[in-house]
Each structure stands twice: as structure tokens, then as C-alpha cells.
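**Student:** Got a sequence here, can you model it:
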Amino acid sequence: MASSQPRAEPQRPGQLEAQATRLVLTPGQLEAQSPAPGPSHTGNWTVMRDEILNRPYLSFELPNEATRALVTRLRRSDDGLRSQLNLYFASRMEMQLDLD
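**Tutor:** Predicted coordinates for the structure are as follows:
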């Protein structure tokens with residue numbers, strides 16, 4: 001007997017990050033806010049290092065997905081009050097985060 005329940009489509013890696021209009025990073029915790037109606041998504045993040053070249057990655061774990069991004073650039077203003085973080089995902093998406 002076939003079910004009439006709608007099936008949730010699996011999310012592609014990085015889909016929540018790609019749709020997010022704001023990412024809030026606090027120590028170990030991530031909140032992805034998007035313009036779509038509904039609650040924001042919360043999860044975890046950690047810093048990892050590439051085993052061969054020792055490059056820094058951020059690993060994100062959100063509901064229904066996990067992904068990681070290479071840290072390509074980290075800049076800090078002369079006064080130390082502002083920072084900018086550039087990330088590159090395996091999906092070829094680049095993201096620039098402004099940190100206050």
C-alpha cells in the first residue's frame with residue numbers, strides 16, 4: 001500500500017549555508033538564518049587541519065547535513081575590532097564572513 005505522506009527531499013551538502021542570509025558562530029555552535037519562513041537551523045562547528053598539508057578547515061554539522069570548508073583567508077583590522085573570514089566549500093561556493 002502506497003503512503004500518501006510527502007517525503008522530504010534530501011538536502012545537498014552546503015544547501016543550508018548557501019541559502020543562509022546570516023551565520024552566527026559562537027564557540028562550538030552555529031546558527032544558520034535564512035529568509036525562508038520557519039526557524040533558523042542550529043548545529044555545531046569545529047576547526048580541523050588537513051592531514052597532509054595542515055590547511056585549516058571549518059567543519060559544520062547542521063540538521064540533515066554535514067560539510068566542511070577550507071579557510072582561504074583570515075584578515076583582521078589594524079585595531080583588532082573587525083575580522084573577515086573567507087571560506088571555500090567542495091561545492092565550489094565561496095563565502096565571506098564579516099566578524100565583529
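**Student:** hey, where'd the helices end up in this protein?
**Tutor:** Secondary structure of the chain, counting by DSSP state H: helices at 15-19.
**Student:** Give me the neighbour count for A69.
**Tutor:** Under the neighbour criterion other CB atoms under 10 Å, A69 is assigned a count of 23. To be clear about C-beta, it is placed using only N, CA and C from the backbone, and glycine gets the same treatment.
**Student:** Please report how far the residue lying closest to it once chain neighbours are set aside lies from D79.
**Tutor:** Leaving out its chain neighbours, the residue that sits closest to A69 by CB to CB, 6 or more residues apart in numbering is L87, at 3.8 Å. Look at L87 and D79: by CB to CB, to the nearest Å, they are 24 Å apart.
**Student:** Mind checking which of the two has more residues around it?
**Tutor:** Relative neighbour count places L87 above the other of L87 and D79, with 21 against 6, counting by other CB under 10 Å.
**Student:** pLDDT at that one, what is it?
**Tutor:** pLDDT recorded at L87 is 92.
**Student:** and it, bridged to which residues?
**Tutor:** V71, M95 (DSSP bridges).
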